[in-house]
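[1] sequence below, structure please.
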Amino acid sequence: QVQLVESGGGLVQAGGSLRLSCAASGSIFRLNAMGWYRQAPGKQRELVAGIISGGSTNYADSVKGRFTISRDNAKNTMYLQMNSLKPEDTGVYYCNWRGRRGPWTSSEYDYWGQGTQVTVSS
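    You can find the predicted model right below:
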């Protein structure tokens with residue numbers, strides 16, 4: 001079982017920066033991808049940035065050049081550095097691990113953190 005705990009959210013003015021952290025505990029049989037999602041009020045949860053098992057990263061068009069996803073394997077922690085924040089970046093940010101829970105299944109399972117609020121004022 002995997003537990004994910006986000007931190008680092010808060011209130012920031014437009015143009016400011018925040019760094020989110022996602023600390024993981026527990027174990028997973030095979031981790032295929034990890035990422036940061038956000039959900040704005042009245043909108044669906046969307047992928048902001050992700051890392052696949054080979055190390056490649058991908059970003060939503062709206063955050064390219066401003067956000068950077070990274071991981072520290074020694075600390076079992078994933079980060080999201082957010083620069084040049086805009087009011088439209090406001091939302092609850094969730095970290096996600098996706099992978100196989102065991103050798104008995106080929107299905108992927110999603111683990112989610114509880115979310116951290118990011119509010120960007122104009």
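
[2] list the residues that contact the nearest residue to residue 59 once chain neighbours are set aside.
    Spatial nearest neighbour of residue 59, excluding adjacent residues (CB to CB, 6 or more residues apart in numbering): residue 49 at 4.9 Å. Heads up, the C-betas are built off the backbone N, CA and C, glycines and all. By CB atoms under 8 Å, 6 or more residues apart in numbering, the residues touching residue 49 are 35, 36, 57, 58, 59, 60, 63, 67, 68, 69, 80.

[3] give me the element the second one is part of.
    This means residue 36. Secondary structure assigned from DSSP states H and E places residue 36 in strand 30-39.

[4] which strand residues bridge the residue nearest to the spatial centre of the chain?
    Residue closest to the mean C-alpha point of the chain, counted by CA atoms, centre = their mean, is residue 36 at 1.9 Å. Counting by DSSP bridges, residue 36 is bridged to residue 49, residue 95.

[5] for the strand holding residue 36, name the packing helices and strands.
    Applying 3 or more CB pairs under 8 Å, 6 or more residues apart in numbering; DSSP states H and E, one finds that strand 30-39 contacts strand 46-52, strand 67-72, strand 77-82, strand 91-100.

[6] could you say which one of these comes nearest to residue 31?
    strand 91-100 (4.2 Å; CB to CB).

[7] give the next helix or strand downstream of that closest one.
    strand 109-112.

[8] which is the next helix or strand following that following strand?
    strand 116-121.

[9] quick one: that next one to strand 30-39, angle?
    Put simply, strand 116-121 runs at 40 degrees to strand 30-39, going by axes from the mean of the first three to the mean of the last three CA atoms, to 10 degrees.

[10] show residues contacting strand 116-121.
    Here strand 116-121 has contacts from 6-14, 16, 18, 20, 38, 82, 85-93, using CB under 8 Å, 6+ apart.

[11] go again using 6 Å as the cut-off
    Outside strand 116-121, the residues that touch it by CB atoms under 6 Å, 6 or more residues apart in numbering are 6, 9, 11, 12, 13, 14, 85, 87, 89, 90, 92, 93.

[12] what residues are up against the fourth one?
    For residue 12, the contacting residues are 18, 85, 120, by CB under 6 Å, 6+ apart.
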